[in-house]
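>>> below is the structure, and that's it, no one-letter string:
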């Protein structure tokens, strides 16, 4: 299971490691406050833990995925279910949070 923390942008080596689990479908977890991103792995929770261990706050961490073959970005992950933060769904419901998540993913993947 290759979980890769992204510094500035996703490199070819990062992609190679992140694709080990599901090929072109890559899980993505972002701290929208720190603009930190972790990709790859089997579970979003693995990447979430990596961000939490590096000082991120739970309310700023959101998950989704990228399909490299189509460059489609989704905003659905089990870690997004947070009733106490007003998110009762796997999908990111807050439009500002969703937009920020997508913007960071696009920048880091250079889409």
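Structure's in. What do you need? Quick caveat: nothing in here was measured; it's all calculated off a predicted structure.
>>> burial measure for residue 23, as a count.
Neighbours of residue 23 under the rule other C-beta atoms under 10 Å: 10. C-beta coordinates here come from the backbone N, C-alpha and C atoms, glycine included.
>>> quick one, strands of the chain?
For the chain, strands defined by DSSP state E occupy the ranges 3-6, 25-31, 36-40, 61-67, 72-74.
>>> now do the same for residue 22: its pLDDT.
Note on residue 22: pLDDT of 87.
>>> gap between the top helix by length along the chain and the chain center?
The longest helix of the chain (DSSP state H) is helix 95-109. Chain-centre distance of helix 95-109: 9 Å, with C-alpha atoms, centre = their mean, to the nearest Å.
>>> quick one: contacts for the nearest residue to residue 29 once chain neighbours are set aside?
The shortest distance from residue 29 to any non-neighbouring residue, by C-beta to C-beta, 6 or more residues apart in numbering, is to residue 47 (3.7 Å). Counting by C-beta atoms under 8 Å, 6 or more residues apart in numbering, residue 47 makes contact with 3, 27-29, 38-41, 63.
>>> residue 24 touches residue 67, doesn't it?
Yes - under the criterion of C-beta atoms under 8 Å, residue 24 makes contact with residue 67 at 5.9 Å.
>>> of those two, which one has the most company?
residue 67 (14 against 11).
>>> in contact with the more buried one, which residues?
By C-beta under 8 Å, 6+ apart, the contact list for residue 67 reads 24-25, 74.
>>> how about stretch 15-28: buried residues?
15, 17-19, 21, 26-28 (16 or more other C-beta atoms under 10 Å).
>>> got those as CSV, with distance to residue 59 columns?
Output for these, formatted as CSV (distance: C-beta to C-beta, whole Å):
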residue, distance to residue 59
15, 29
17, 28
18, 25
19, 30
21, 27
26, 24
27, 20
28, 18
